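Engineer: With the sequence up front, the predicted model follows.
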Amino acid sequence: MASTRPAPDRSDGSITGLLGQLGQGNREAEARLIAQVYGELRRLARRHMRNERAGHTLQPTALVNEAYLKLLKQTIPWRNRAHFFAVASQVMRQILVDYARAKRSQKRGGDKLHVSLSEEIASPEVHTVDVLELNELLEALEKLDPKLSRLLELHYFGGLSFEEIGFVMGVSSKTVKRWWDRARSWLRTRRGQ
C-alpha cells in the first residue's frame, strides 16, 4: 500500500526541505543540513557501535564523518527525513562491515568486531554477534524476504519507529508489526541452528 501523504514542501529549513534543496543543487543547504542532522547521525553511529569491543579503533565521530561524505555522494531523490536516516543506517552498516572485513583479513580471523542483537530482536538476554555474522544473517534473510531484512535493519540499526518504517516502506505500521514478529521468529530460528 503506497503512502498517500502529500509531497513535502522542499523550500523550508526542515531536514526534508534541506534535502530537497540539496537535491536541486543548492550547495548552501549542505551546511544547514549537517547542523540539523549531525546529532542524530552521532546517535545512529553510537547505536551501530554500542557493543563493539573495547579499544575499537573506529570511533562514532569517524563513522559519522565517513557516512556523511558517502551520503552527500548519493544521487537518489530524498523523500523525507526518515528516508535519509534509513539510508544513513545502511551506509554505516556497510562501513562497519567493510571495516570488519579489512580487520579480519589483516588478522586472519582474529579480533572480531561485535555488535549486540538487542533483546527486542532475539531474546530477553543480550546476544553478541560479530558484524560479519550479522551481515550474513541479514543477507540470508534478504534472499528469502527482502522486506523483513530491510525492516530489521531500519528498526535495529536505524532506530526508526514502526510508523517511520511504514512510511519509508510504503505500508501501514500494523503491517510493519506483523512483519516484525516474522523477522524476529526467523532470526531466533536461524541463530538456534
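Structural biologist: Great, that's in hand.

Engineer: So for the longest helix along the chain, what gets flagged as buried?
Structural biologist: Counting by DSSP state H, the longest helix found in the chain is helix 81-107. By neighbour count, with 16 or more other C-beta atoms under 10 Å as the criterion, the buried positions of helix 81-107 are 81-93, 95-97, 99-100, 103-104. Bear in mind the C-beta positions are built from the backbone N, C-alpha and C, glycine included.

Engineer: Which elements pack onto it?
Structural biologist: helix 15-23, helix 28-49, helix 60-72, helix 131-144, helix 162-169 (3 or more C-beta pairs under 8 Å, 6 or more residues apart in numbering; DSSP states H and E).

Engineer: Now residue 70. Nearest residue, chain neighbours left out?
Structural biologist: Distances taken as C-beta to C-beta, 6 or more residues apart in numbering place residue 91 nearest to residue 70, at 5.0 Å, with adjacent residues excluded.

Engineer: Pretty sure the one you found sits against residue 67.
Structural biologist: Yes - if you go by C-beta atoms under 8 Å, residue 91 and residue 67 touch, sitting 4.7 Å apart.

Engineer: tell me the SS of residue 160?
Structural biologist: The three-state assignment at residue 160 reads coil, by DSSP: H, G, I helix; E, B strand; the rest coil.

Engineer: That one - nearest residue in space that isn't next to it in sequence?
Structural biologist: residue 154 (4.8 Å).

Engineer: Tell me who's in contact with the one you found.
Structural biologist: Contacts here follow C-beta atoms under 8 Å, 6 or more residues apart in numbering; on that basis residue 154 touches 86, 89, 160, 164-165, 168-169.

Engineer: Let me have these in JSON lines, extended by distance to residue 36.
Structural biologist: Listed next are those as JSON lines, based on distance: C-beta to C-beta, whole Å:
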{"residue": "86", "distance to residue 36": "17"}
{"residue": "89", "distance to residue 36": "17"}
{"residue": "160", "distance to residue 36": "17"}
{"residue": "164", "distance to residue 36": "17"}
{"residue": "165", "distance to residue 36": "21"}
{"residue": "168", "distance to residue 36": "19"}
{"residue": "169", "distance to residue 36": "24"}
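
Engineer: Nearest to residue 189 among these?
Structural biologist: The closest of the contacts of residue 154 to residue 189 turns out to be residue 165 (C-beta to C-beta; 22.0 Å).

Engineer: Tell me the confidence at that closest one?
Structural biologist: For residue 165, the pLDDT comes out at 90.

Engineer: and if you look at residue 187?
Structural biologist: According to the prediction, residue 187 has pLDDT 84.

Engineer: Now do the contacts for the closest residue to residue 33 other than its chain neighbours.
Structural biologist: Leaving aside its sequence neighbours, residue 33 sits nearest to residue 18 (C-beta to C-beta, 6+ apart; 4.3 Å). The neighbours of residue 18, taking C-beta under 8 Å, 6+ apart as the test, are 29, 32-33, 36.
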